[in-house]
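Novice: kindly generate the corresponding structure for this input.
(4 chains)
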Number of protein chains: 2
Amino acid sequence: MRVSTRLSDSIHLLAFLNIYADQHLTSDLIASSIETSPVVVRRLMGKLRQAGLITTTPGSAQPALAKPLNQISLLTIFYAVEGDKSLFAVDLKTNPECIVGGNIQTVLQQYYQDAQTAAEARLARTSMQDIVDNILVEQAKKDALSHN
Amino acid sequence: MRVSTRLSDSIHLLAFLNIYADQHLTSDLIASSIETSPVVVRRLMGKLRQAGLITTTPGSAQPALAKPLNQISLLTIFYAVEGDKSLFAVDLKTNPECIVGGNIQTVLQQYYQDAQTAAEARLARTSMQDIVDNILVEQAKKDALSHN
DNA sequence: ACTTCCTGTAACTATATTAATTACTGTGAT
DNA sequence: ATCACAGTAATTAATATAGTTACAGGAAGT
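Specialist: Just a heads-up that it's a prediction; the model follows:
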């Protein structure tokens, strides 16, 4: 399948809401930054709203962050848009008659969970404040170079 | 897309080679345990052979582990069959004219790499010896229960 | 009230990644 | 010489995701 960019696009969206808070934030404008369709943006906003990360108003273009940037972690966003998706997939179709096929699913599940938890702990440590800070620093670097 | 089970199937395959080392290990037999096709098994074995994890003989059904179980980590297998695949995908199509779209790829790449490295470190800690040990323990549990 | 702009969703289509299948070449062993 | 099998290319099927189309309904201005 296509690889999911929902986490990346959602982080993008939230950063956009913060940095362009003074603009008329239609799903069309946001979509032009993510380079996707307005419908995809609205779908993502739906998930983020359900997770309590943003507020929106039907019929009116005024989405806004529901919490301070430093209280929104990348892990919260991941859960909001990917649910409990596994990073490593256990093959659920193995031969139960075989010692290996009949037990490997249970065994792998544990190790995969450990690995995923380690990754998630990292995501939990990073907040949208970090993301926005870094975006602005990267932009400042570009601006500095262009003024030579 | 379909979600990849190459890592799980490869671990399965290596465990099978160890536990059933005394059997006539055709790709057909291995496939019956993984519940996949012999061609898929041979393809996986090709990758594992290229990575130096197993040895095979064209025309003859005698695949074997090329190293001791405790010297094969799950991370080595992951690299062998998934290459440098990213667990979290950066959206490479964003608007470079926008402060967010023009910088977020660089920023996310760093945090995603950190998270992936944390997960990989976990995979590196686990060896095929652990996997086989756990499979045999799980099987022993079942055997014990069935003798009540 | 009417119009315009917009959100929220459902339904459908397109795209991309993976596994499965088919088919073939060539090797090893009997 | 034959049979069993690995190795691999080419094609097809399955499935997760993004993108598109369509439409119902809210908000705000006139």
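Novice: can you give me the buried ones in the longest helix seen in chain A?
Specialist: Secondary structure of chain A per DSSP state H: the longest helix is helix A:99-125. The neighbour-count check on helix A:99-125 (16 or more other Cβ atoms under 10 Å in any protein chain shown) flags A:99-105, A:107-108, A:111-112, A:115-116, A:118-120, A:122-123 as buried. Just so you know, the C-beta spots here come from the backbone N, C-alpha and C atoms, and that holds for glycine as well.
Novice: next, see if that helix gets close to chain B.
Specialist: Yes: judged by Cβ under 8 Å from any Cβ of the partner chain, helix A:99-125 comes into contact with chain B at A:99-104, A:106-108, A:110-111, A:114-116, A:118-123.
Novice: relative to helix B:99-125, how tilted is that helix?
Specialist: Angular relation of helix A:99-125 and helix B:99-125 on a 0 to 180 degree scale: 140 degrees, by axes from the mean of the first three to the mean of the last three Cα atoms, to 10 degrees.
Novice: what mean pLDDT does helix A:99-125 get?
Specialist: Across helix A:99-125, pLDDT averages out at 98.
Novice: same deal with stretch A:50-60?
Specialist: 96.
Novice: gap between that stretch and the chain center?
Specialist: Here stretch A:50-60 shows a centroid-to-chain-centroid distance of 16 Å under the convention Cα atoms, centre = their mean, to the nearest Å.
Novice: contacts for it?
Specialist: A:14, A:17, A:45, A:48-49, A:62-67, A:72, A:76-77, A:79-80 (Cβ atoms under 8 Å, 6 or more residues apart in numbering or on different chains).
Novice: please narrow these to those residing in helices.
Specialist: Reading helices off the contacts of stretch A:50-60 with DSSP H, I get A:L14, A:L17, A:M45, A:L48, A:R49, A:T76, A:I77, A:Y79, A:A80.
Novice: any idea how far the second one is from B:R49?
Specialist: Read it as A:L17. 50 Å (Cβ to Cβ, to the nearest Å).
Novice: before we move on, what about the last one?
Specialist: In this structure, A:A80 and B:R49 are separated by 42 Å, where distance is defined by Cβ to Cβ.
Novice: those two: who's more crowded?
Specialist: Taking neighbours as other Cβ atoms under 10 Å in any protein chain shown, A:A80 and B:R49 compare with A:A80 leading, 21 against 15.
Novice: ok, back up a step: biggest separation within the ones in helices among the contacts of stretch A:50-60, which pair?
Specialist: With Cβ to Cβ as the measure, no two of the ones in helices among the contacts of stretch A:50-60 lie farther apart than A:L17 and A:Y79, at 18.8 Å.
Novice: who's more crowded, the two?
Specialist: A:L17 (22 against 17).
Novice: I figured the more buried one was touching A:L25, is that so?
Specialist: Yes: using Cβ atoms under 8 Å, A:L17 is in contact with A:L25, at 6.6 Å.
Novice: intersection of neighbour lists for these two?
Specialist: In contact with both A:L17 and A:L25: A:P63, using Cβ under 8 Å, 6+ apart.
Novice: buried set for the longest strand belonging to chain A?
Specialist: Longest strand in chain A, counting residues (DSSP state E): strand A:60-65. Under the neighbour-count criterion of 16+ other Cβ under 10 Å, strand A:60-65 has A:P63, A:L65 buried.
Novice: does that strand reach DNA strand D?
Specialist: Yes: legend: contact between strand A:60-65 and DNA strand D by Cβ under 7 Å from any atom of the strand is shown at A:S60.
Novice: is DNA strand C within reach of that strand?
Specialist: Yes: counting by Cβ under 7 Å from any atom of the strand, DNA strand C is contacted by strand A:60-65 at A:S60, A:A61, A:P63.
Novice: quickly name whichever of these is closest to DNA strand C.
Specialist: A:A61 (3.5 Å; Cβ to the nearest atom of the strand).
Novice: do I have it right that that closest one meets A:Y20?
Specialist: No: if you go by Cβ under 8 Å, A:A61 and A:Y20 don't touch, sitting 11.8 Å apart.
Novice: host element of A:T55?
Specialist: Here A:T55, judged by DSSP states H and E, is contained in strand A:54-57.
Novice: if we can go back for a sec, how far does the longest helix of chain A sit from the chain's center?
Specialist: Using Cα atoms, centre = their mean, the offset of helix A:99-125 from its chain centre is 21 Å.
Novice: against which helices or strands is that helix packed?
Specialist: helix A:74-82, helix B:6-19, helix B:27-34, helix B:99-125, helix B:128-146 (3 or more Cβ pairs under 8 Å, 6 or more residues apart in numbering or on different chains; DSSP states H and E).
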